[in-house]
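Participant: Would you be able to build a 3D model of this:
(chains A and B)
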Amino acid sequence: MEILYILVPIALVFVFIAIKVLFWAINNGQYDDLNTEAHRILFDEQESKKKPSNPGDEKSSH
Amino acid sequence: MNSAGNSPCYHCGLSVVDTNEFVTTLDGQRRCFCCPGCQAVAEAIHGNGLANFYQFRSELNQKPDSASSINYQAYDLPQLQEEFVFPCDVADDSSEPFVQARFHISGITCAACVWLIEHRLNAFDGVHKVSVNAATEQLVLQWQLSKVKLSEIMSAVASIGYVLTPASEDQQLLIRQREKRKALMRLSVAGFGMMQVGMVSVGLYAGASEEWLVYLRWVSLIIATPVVFFSARPFFEAAFRALKQKHLVMDVPVAIAIGFAYLASIWATIRATGEVYFDSVSMFTFLLLLGRYLEMRARHTNSLGNAKFTQLLPLTANRINREDVGQSRQTVALRSLVVGDWVAVGAGESIPCDGVVVDGESHVDESLLTGESSPVKKSTDDLVVAGSVNNESSLIVQVTAVGQKTKLSAIERLVENASLNKPQQIALADKLSSYFVAAVLLMSAIIGGFWWLHEPSEALWIVLSVLVVTCPCALSLATPTAHASALSRLRAAGLLVLNSNCLAALAKVNFVAFDKTGTLTLGKPSVSECLPKNGQAEDALEIIAALEVDSRHPIAEAFKPWSNKRVASQVQVSTGKGVSGMVDNARYFFGNLTFCRQIMLAMSEEHSPIIEIQAPDDRQWLLLIRQEPQTQNFSQIAWVRLEDQIRPSAKPAINACRQNHMQVMLLSGDTSNLVSQVAKELSIDDVHGGVSPEQKLDCISEQQQHQRIVMMVGDGINDVPVLSGADVSVAMAQATDLAQTKADCILLNGDLTLIPQAIQFAKRLQTTIKQNLGWALAYNGLALPLAAFGYIPPWAAAIGMSLSSLIVVINASRLSKGPLVNHHA
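Facilitator: This is a model prediction of the structure:
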């Protein structure tokens, strides 16, 4: 059971990292619009076929 | 009537009157549209290779605004751009500088709209980054001005059916965004903390040996610390603020419970004896924050914060150079106008300033002062106000006031004052909690004193268990959970509540004031009667529709259902009187009685007899007359009466208000006798016609002084001050953005009967809240004496707390089901 003395602090470090990453994502604006991002993956699936051959299009906005 | 094919418009889903009128073949499919606007937008979307949009979307589009004809060239003036276009750094090898601008987009209905706008704009060479936020309806764009002009971007977006307006660095919006992000961070820390402490406390409760107990307590202390100091901070801050102002609000017991439970647990951890409550603290914080976050999201979804009075004004003005011989015109930014300048206002443009007409004659829509959309005639020496719309022909106006001195600004100040004086209803829970907190603190002191005298070593523990057991979990959840389910129920019924504080006032409303145009009536004229004198009514209406087809006058709208059946040539419009034109080789005249009499007097030849014309009754009738091609004789074809029709739901709504002992008042800016006519039809006795925005507000304040709780239902800009001043305000869905911003609720489907129902429902909501509070108080009241005698072990306290909260939540969720009003009740 002594292993808990190491494992629990390691778990705490992971929690700390997870919260840091989440904070970064929030401050990056990734959670500002929850509805659109949930749908976006559905849109992009078929997109490559019918995309117009416009030069500016290659720049991604995501 | 027309053979109405009921197929919906491909773009906006409205029913199409004539399926052969606006038709386009898109991707091999025949599509029909309701209007040329929808047709143009759909063609533009397909033309840009973005046809997938129609598969992606989950909501139908809004009908595109006729405002797509806005002249975006003005936005290319550097003078205008300096307010919202800023240079920005972009990691790109291009040597051309990038700029960034923020816009407000109107017309977004679902996530596919975001896809569409982003793809349309990404198609431009020189656009670096497009990010659209559907929740706040904001677009942030980074691009190279040297490659794409701002006006090109804005008209490209307009062509696919959305309208961009520049949003300057809006402080309100930034604060809101920061608030939202911060709330999410607090929630996530509390969530992580709750789960971790929960895992650790399994070990604690499962009966670890003494050595491990100490270790696990320290671990949960470490995890719970950020939860208390970071996540629960808003509760401490609010409680501190309230105490400083000598108030006791719900946040005070919450802060005391969290603070004391945390401190007691630290004490237990350091002393290595007693109970730790880190798990309860974290879970309690998380649940409270979750409730608040969900409520905040619901409030922010309909973000209309962008609507401002200045948006009613054009950005530029056409200044006339009077010193110049040729009177050359120059487009200047609005703020460089000064008193005394002459400006030209074209047909369909907004008037940029208060002023006096020096040349020209036209009809002006002054709905911002009166709420009436029927235009007022303006000629030389008449006064015009900023923000009103010039309908017909161009006017030259001498500026008498600009900026802060205009009447429009006066209305804006009125709104500010009204919202400051708006009566606040104190939430029931806050009122109760002040007694509750006082009682708990008093009891703890007495209990503590008692034990201190008899058994000092136990005193601290007993006091703490009292405080933890009386943790106002259920009490603080009682109101927000009931509010949340009431909001979703009302929204499903068609009433969007923007300000949940108004729910308390809604239950007490006993005086309802309605605006006339656009609220009790539909807000646009339609043909209510057609008396043919010669031939069929249908033919007459088709002829009139042909004559009016190109007219900008609001009356022309009424004949839209009959348009495109016949064609008129040589159409002449006599401003404010009538129209004439050739249809099927005969000349027709359509207008009011005076117009037709004048025409007949002027054009009859000596030998032709003058026919006597008399309107059917003393209401406002329009007449269609026909001049025979051979004999030049005139004959009456048909009398037509136009009326702004009363909403079908108005009468039942007003009756329902009366049945529930509410007084009803009609407040209208309209001066005509139509006000009394509408009042008579709806049997409203308390009628105020021709009142200015200030007088409307005064009417309401007078009622409020008589201790009445006033609800105002309105739609126009002239209603905005009174909407801000009423206890509860409801704006119609078609209302101007400004009215919607200042209102507490928005009536989404225009069904007025929802208003009395919502008031009844709010009463039910108050009952539920009272039940919840009663239960929570009963639980706490029962637990308190038991805890005081030291009978409650921690596990029992934990179960009791969860159970009491659960009952509160279940009771609240009953509101979100079933009909709005229990008729048998």
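Participant: only C-alpha atoms for contact and neighbour calcs from this point on.
Facilitator: Noted.
Participant: Give the buried residues for stretch B:377-388.
Facilitator: Of the residues in stretch B:377-388, B:377-379, B:384-388 count as buried by neighbour count, 16 or more other Cα atoms under 10 Å in any protein chain shown.
Participant: Looking at it now, give me its mean pLDDT.
Facilitator: For stretch B:377-388, mean pLDDT is 85.
Participant: How about stretch B:685-703?
Facilitator: Per-residue scores along stretch B:685-703 average to 86.
Participant: In that stretch, which residues are buried?
Facilitator: So stretch B:685-703, judged by 16+ other Cα under 10 Å, has buried residues B:687-694, B:696-697, B:699-701.
Participant: what's the weakest-modelled helix or strand in chain B?
Facilitator: Of all helical and strand segments in chain B, the minimum by mean pLDDT, DSSP states H and E falls on helix B:456-469, at a mean of 68.
Participant: Beyond that helix, next helix or strand please.
Facilitator: Moving toward the C-terminus from helix B:456-469, the next helix or strand (DSSP states H and E) is helix B:473-493.
Participant: Give the next helix or strand downstream of that following helix.
Facilitator: Toward the C-terminus from helix B:473-493 - assigned by DSSP H and E - lies strand B:495-497.
Participant: quick one, phi/psi of whatever residue of the stretch 501-650 of chain B ends up closest to chain A?
Facilitator: Chain A sits closest to B:N501 of the stretch 501-650 of chain B, with a gap of 24.8 Å, by Cα to the nearest Cα. With angles defined as degrees, to the nearest 10, B:N501 sits at phi -60, psi -20.
Participant: any idea which helix or strand carries the nearest residue to B:L682 once chain neighbours are set aside?
Facilitator: In this structure, B:L682 finds its nearest non-sequential neighbour in B:K651, 5.7 Å apart by Cα to Cα, 6 or more residues apart in numbering or on different chains. Assessed by DSSP H and E, B:K651 sits inside helix B:650-659.
Participant: May I see the buried residues of that helix?
Facilitator: B:650-651, B:653-658.
Participant: now for it, which elements pack on it?
Facilitator: The helices and strands touching helix B:650-659, judged by 3 or more Cα pairs under 8 Å, 6 or more residues apart in numbering or on different chains; DSSP states H and E, are strand B:663-667, helix B:754-788.
Participant: out of those, which comes closest to B:S95?
Facilitator: helix B:754-788 (59.4 Å; Cα to Cα).
Participant: In the closest one, which residues are buried?
Facilitator: B:754-766, B:768-773, B:775-777, B:779-780, B:783-784, B:787-788.
Participant: Then stretch B:127-135?
Facilitator: Here stretch B:127-135 shows B:127-135 as buried, counting by 16+ other Cα under 10 Å.
Participant: Just the pLDDT for the residue nearest to B:L682.
Facilitator: According to the model, B:K651 scores 90 on pLDDT.
Participant: Pop the domain breakdown of chain B in here.
Facilitator: B:72-169, B:176-294, B:311-413, B:429-490+B:768-817, B:495-510+B:648-750, B:523-645 (automatic domain parsing).
Participant: could I get those domains as CSV with distance to A:E2?
Facilitator: Shown next, in CSV, are these (distance: least, Cα to Cα, whole Å):
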stretch, distance to A:E2
domain B:72-169, 50
domain B:176-294, 10
domain B:311-413, 69
domain B:429-490+B:768-817, 28
domain B:495-510+B:648-750, 53
domain B:523-645, 78
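Participant: Buried deepest among those, which one?
Facilitator: Comparing the domains of chain B by mean neighbour count (mean count of other Cα atoms under 10 Å in any protein chain shown), domain B:495-510+B:648-750 ranks first with a mean of 21.
Participant: Span of that domain from start to end?
Facilitator: Terminal residues of domain B:495-510+B:648-750 lie 9 Å apart, using Cα to Cα, to the nearest Å.
Participant: who's in contact with stretch B:182-199?
Facilitator: By Cα atoms under 8 Å, 6 or more residues apart in numbering or on different chains, the surrounding residues in contact with stretch B:182-199 are A:15, A:19, A:22-23, A:26, B:220, B:223-224, B:226-227, B:230-232, B:278-279, B:282-283, B:285-286, B:289-290, B:293.
Participant: again, 6 Å this time
Facilitator: Contacts to stretch B:182-199, defined as Cα atoms under 6 Å, 6 or more residues apart in numbering or on different chains, come from residues B:220, B:223, B:227, B:231, B:279, B:282-283, B:286, B:289.
Participant: cool, and stretch B:226-245?
Facilitator: Against stretch B:226-245 from outside (Cα under 6 Å, 6+ apart): B:186, B:190, B:251-252, B:255.
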